[in-house]
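Chemist: Quick check, what structure comes out for this input:
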Amino acid sequence: MQLHGDVNENELRRVINMFIGEIYQKPPLRSAVSKKPRIRKIYNIEILDIKGKDVLLKIKCQAGTYVRKLCHDIGEVLGCGAHMKDLRRIGIGNLNENDKRITTLHELFGAYREWKNYNIADYLNEFVRPIEELLFFLPKIYVKDSSLFSITHGSFIAAPAVVAVTSDVKPKSIVTINTIYNEIIAIGKSELAGEEIVKLKHGIVAKVDKVLKTIENAGSGI
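Modeler: Numbering: from 1, shown residues only. From the prediction side, this is the model:
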């Protein structure tokens, strides 16, 4: 973040701490989402370095936070103005840049070409990660194999299809729809709490929002 004027360091730290927690943000004009104000959570802001008007920040925030807007708003409260000079994402979920399997787009493209041209997937498999690893934190609904075809074609999740659920499934919560082999085939929204779902004999327990694997790919590791 680059400040547009001189600011006392204590005042800078005080104002930055004001933005930790839930904040309102209005998406910028260039964004593709609705321009209505929305709430985003800032979990932590750490000042790593200050050189003149340049302030190096490490920010842990909720997905969908506009860091450019955050820097601008900090400058507004300080009264001097500020803008985002540079941005680097160093992690998402449980993935971070210290992972030894991290790769550049050039390396990934080379691995893809090796697989595409010579049918050698060893190099590509070093970089491609299962989506289950990224979405591990979401509540889960496990379904029978016999229901996979209808679910991957957008059908509701009916009670007879459910094998098990995790205890953190809540009404209207985002959940993953998993096979009995723990493969994620879709992301949906639960209609009931987990303890209610396991007792239900009939009715809709969840709705599919996004299909991630077809029935042909389920079980293949793709």
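Chemist: any idea how far residue 92 is from residue 111?
Modeler: For residue 92, the distance to residue 111 (C-beta to C-beta, to the nearest Å) stands at 21 Å. All C-beta atoms are positioned from the backbone trio N, CA, C, and that covers glycine.
Chemist: ok now the helix or strand bottoming out on mean pLDDT in the chain, how far from the chain's centre?
Modeler: Least confident helix or strand, the chain: strand 95-96 with a mean of 83, by mean pLDDT, DSSP states H and E. Put simply, strand 95-96 sits 12 Å off its chain's centre (C-alpha atoms, centre = their mean, to the nearest Å).
Chemist: Dump the very next helix or strand once past that strand to CSV, keeping only the CA atoms.
Modeler: Sequence order places helix 105-118 as the next helix or strand after strand 95-96, per DSSP states H and E. Coordinates of each C-alpha in helix 105-118 appear next as CSV, following Å, rounded to 0.1, in the frame of the first residue of the first chain:
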residue,chain,number,x,y,z
LEU,A,105,2.2,-21.6,-15.5
HIS,A,106,5.1,-22.3,-17.8
GLU,A,107,6.0,-25.5,-16.0
LEU,A,108,2.3,-26.5,-15.9
PHE,A,109,2.0,-25.9,-19.6
GLY,A,110,5.1,-28.0,-20.3
ALA,A,111,3.7,-30.9,-18.2
TYR,A,112,0.4,-30.6,-20.1
ARG,A,113,2.1,-30.7,-23.5
GLU,A,114,4.1,-33.8,-22.4
TRP,A,115,0.8,-35.5,-21.4
LYS,A,116,-1.0,-34.3,-24.6
ASN,A,117,1.7,-35.2,-27.1
TYR,A,118,3.3,-38.3,-25.5
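Chemist: Now do the SS call for residue 40.
Modeler: Using DSSP: H, G, I helix; E, B strand; the rest coil, the structure places residue 40 in strand.
Chemist: Which strand or helix spans residue 10?
Modeler: With DSSP H and E as the test, residue 10 turns up in helix 9-18.
Chemist: got it, and residue 56?
Modeler: Residue 56 belongs to strand 54-61, assigned by DSSP H and E.
Chemist: so what secondary structure elements neighbour whatever helix or strand comes next after that strand?
Modeler: Next helix or strand after strand 54-61 toward the C-terminus (DSSP H and E): helix 67-78. If contacts are counted by 3 or more C-beta pairs under 8 Å, 6 or more residues apart in numbering; DSSP states H and E, helix 67-78 sits against helix 9-18, strand 21-25, strand 54-61, strand 82-83.
Chemist: Out of these, which gets nearest to residue 180?
Modeler: strand 54-61 (35.0 Å; C-beta to C-beta).
Chemist: With that, I have no additional questions.
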